[in-house]
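>>> Next input, structure requested:
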Amino acid sequence: MPESTKVVEVLPYDDNWKQEFEKIRDMLKSYIGDLIVRIEHVGSTSVEGLSAKPIIDVDVVIESYDVLPQIIEKLELEGYIYEGNLGIEGREAFRRKYDDGMMKYHLYVCPKDGKGYLEHIAFRDYLRNNEDARKEYSRLKKQLAIEYRYDIDNYCDKKTDFIRNILTKTLYKDDIK
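This next block holds a predicted model:
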């Protein structure tokens, strides 16, 4: 559930994150499964061995924005608030009005060809398949969590160059020729 983080805490990878994602995925499928293409576990908790803030990132993938109004309506009935794209193209954010008993999570609805979704998948898959990059990113996140313990904005901003570098090697590699 998107909310302001008071303290930046990066923890070692936890095998339970996968099961927590599966519980969230199954709950969401019961609400909107008929309107979506798939539900993906993205973000650092989706990469085995990667240190992360203990928050599950979930991308609900849709065919196109045509179904977004129906999804908004159904999720609102289930206690979610639609927050728009929060300044990030290609992903629509939702948060719970109340604690649903799940591990803390960020919920995004993304078109299958949307920039936000494609970047999440490219970055996740690169880290899953590259141990050196995974270790480097873990070190960076741990260091930034110490330096910016009470400043989530700077913590996030200082990761940008690393993330951009990976996306340039993967998703945008043809753009640099």
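>>> Strands along the protein, start to end?
For the chain, the strands defined by DSSP state E occupy 38-42, 56-62, 80-84, 92-96, 105-111.
>>> Closest to the centroid, which residue in this structure?
Central residue of the chain (CA atoms, centre = their mean): D57, 3.2 Å from the mean position.
>>> residues contacting that residue?
Taking CB atoms under 8 Å, 6 or more residues apart in numbering, we find D57 in contact with 41-46, 105-106, 108, 120. C-beta: built from backbone N, CA, C; applies to glycine.
>>> Repeat that for I56.
Counting by CB under 8 Å, 6+ apart, I56 touches 17, 20-21, 24, 41, 43, 45, 103-106.
>>> surely Y117 meets D59?
Yes - between Y117 and D59 there is a contact under CB atoms under 8 Å: 5.4 Å.
>>> where do the contact lists of the two overlap?
Counting by CB under 8 Å, 6+ apart, the residues touching both Y117 and D59 are 40, 91, 108, 110.
>>> Could you pull out the buried residues of the helix or strand bottoming out on mean pLDDT in the chain?
For the chain, using mean pLDDT, DSSP states H and E, the weakest element among its helices and strands is helix 152-157, scoring a mean of 94. Within helix 152-157, the residues scored as buried using 16 or more other CB atoms under 10 Å are 152, 155.
>>> Report how many residues lie close to the nearest residue to E20 once chain neighbours are set aside.
In this structure, E20 finds its nearest non-sequential neighbour in M103, 4.1 Å apart by CB to CB, 6 or more residues apart in numbering. M103 sits with 17 neighbouring residues when counted by other CB atoms under 10 Å.
>>> For M103, give me its contacts.
By CB under 8 Å, 6+ apart, the residues touching M103 are 17, 20, 23-24, 54-56.
>>> which of the residues you listed are buried?
Buried members of these, counted by 16+ other CB under 10 Å: 17, 20, 24, 55-56.
>>> now the residues you listed in TSV, with distance to V10?
Listed next are the buried ones among the contacts of M103 as TSV, based on distance: CB to CB, whole Å:
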residue	distance to V10
W17	13
E20	17
I24	21
I55	11
I56	15
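>>> still on that earlier bit, roughly how far does the residue nearest to E20 sit from I166?
Remark: distance between M103 and I166 (CB to CB, to the nearest Å) = 26 Å.
>>> Correct me if wrong: V7 contacts R149.
Yes - here V7 reaches R149: they are 6.0 Å apart, a contact under CB under 8 Å.
>>> Of these two, which one has the most company?
Between V7 and R149, counting by other CB under 10 Å, R149 is the more crowded of the two (14 against 9).
>>> contacting residues around the closest residue to the more buried one other than its chain neighbours?
Once flanking residues are discounted, R149 sits nearest to V8: 5.4 Å by CB to CB, 6+ apart. V8 makes contacts with 53, 144-145, 148-152, 155, as judged by CB under 8 Å, 6+ apart.
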